[in-house]
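Novice: just coords:
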């Protein structure tokens, strides 16, 4: 069986790693929410061997993630745990870093709310939460490619769509997270970094 593959993961992994290597420099235990194909996890765990990287996703994606993990056999990369943020129990442990990429615009809004609530509960004091993906600002999408992407998402499913930064940041504040960075990334994406107060 062929491993799942995302070209976007290949395209964005290096610029994302540049940020993670800095903000996770003094971290140890990382939870990735929505590991997708598993490609990001393999790349980041190999680039940052000081991290213990816990993959997670909905169960139907585990076999693909495990194919990537089995091929690389990294000692600091952990097999995926089930995590549908609306339905599954979160891991009964705490992390000093949590990372999620390209999830907020795919999940229904109530799942985005649940994700931030769970992050607030499972993140250690001074831990950081990193969220990567496209964002609206004051209801506007500055790039035409994001306008088209947002339209495509909503056509696929009404619950999907690029989220408003200020709505997202309000969830973070409610979860006890303070915004540290809002970085422009390639392909009109953003990289948001919050710290647990």
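Specialist: Structure received. Quick caveat, the model's predicted, so the values are computed rather than measured.

Novice: switch to C-alpha atoms for all contacts and neighbour counts from now on
Specialist: Noted.

Novice: could you point out the longest helix in the protein?
Specialist: Using DSSP state H, we find that the single longest helix of the chain is helix 7-23.

Novice: strands paired with whichever helix or strand comes after that helix, and their directions?
Specialist: Going down the chain from helix 7-23, the next helix or strand is strand 29-32, by DSSP states H and E. Using DSSP bridges, strand 29-32 pairs in its sheet with strand 52-57 (parallel), strand 95-101 (parallel).

Novice: So which of these is nearest residue 2?
Specialist: Closest to residue 2 of the strands paired with strand 29-32 is strand 52-57 (C-alpha to C-alpha; 18.9 Å).

Novice: Deepest in the core, which of the strands paired with strand 29-32 is it.
Specialist: strand 52-57 (a mean of 24; mean count of other C-alpha atoms under 10 Å).

Novice: Buried residues in the next helix-or-strand element following that one, which are they?
Specialist: The helix or strand immediately downstream of strand 52-57 is helix 62-72, counting by DSSP H and E. Along helix 62-72, these residues count as buried under the neighbour rule (16 or more other C-alpha atoms under 10 Å): 62, 63, 64, 65, 66, 67, 68, 69.

Novice: pLDDT value on the nearest residue to the last one once chain neighbours are set aside, please?
Specialist: Using C-alpha to C-alpha, 6 or more residues apart in numbering and skipping residues adjacent in sequence, the residue nearest residue 69 is residue 42, 6.6 Å away. Each residue has a pLDDT score; the one for residue 42 is 97.

Novice: Equivalent analysis for residue 178, please.
Specialist: Looking at residue 178, its pLDDT stands at 98.

Novice: Isn't residue 89 up against residue 58?
Specialist: No - the criterion here is C-alpha atoms under 8 Å, and residue 89 misses it with residue 58 at 11.9 Å.

Novice: between these two, who's got more neighbours?
Specialist: residue 58 (18 against 11; other C-alpha atoms under 10 Å).

Novice: So the more buried one versus residue 37, what's the distance?
Specialist: For residue 58, the distance to residue 37 (C-alpha to C-alpha, to the nearest Å) stands at 11 Å.

Novice: which strands and helices sit next to the longest helix of the chain?
Specialist: When contacts are defined as 3 or more C-alpha pairs under 8 Å, 6 or more residues apart in numbering; DSSP states H and E, helix 7-23 packs onto helix 39-47.

Novice: so how many other residues sit close to the closest residue to residue 44 other than its chain neighbours?
Specialist: For residue 44, ignoring the flanking residues on the chain, the nearest one in space by C-alpha to C-alpha, 6+ apart is residue 17 at 6.4 Å. Residue 17 has 18 neighbours, counted by other C-alpha under 10 Å.

Novice: Could you do the one 3 residues further on as well?
Specialist: Under the neighbour criterion other C-alpha under 10 Å, residue 20 is assigned a count of 19.

Novice: Contact partners for it?
Specialist: The neighbourhood of residue 20, defined by C-alpha atoms under 8 Å, 6 or more residues apart in numbering, contains no residues.

Novice: Please apply the same query to residue 51.
Specialist: Residue 51 touches 27, 28, 29, 30, 45, 76, counting by C-alpha under 8 Å, 6+ apart.
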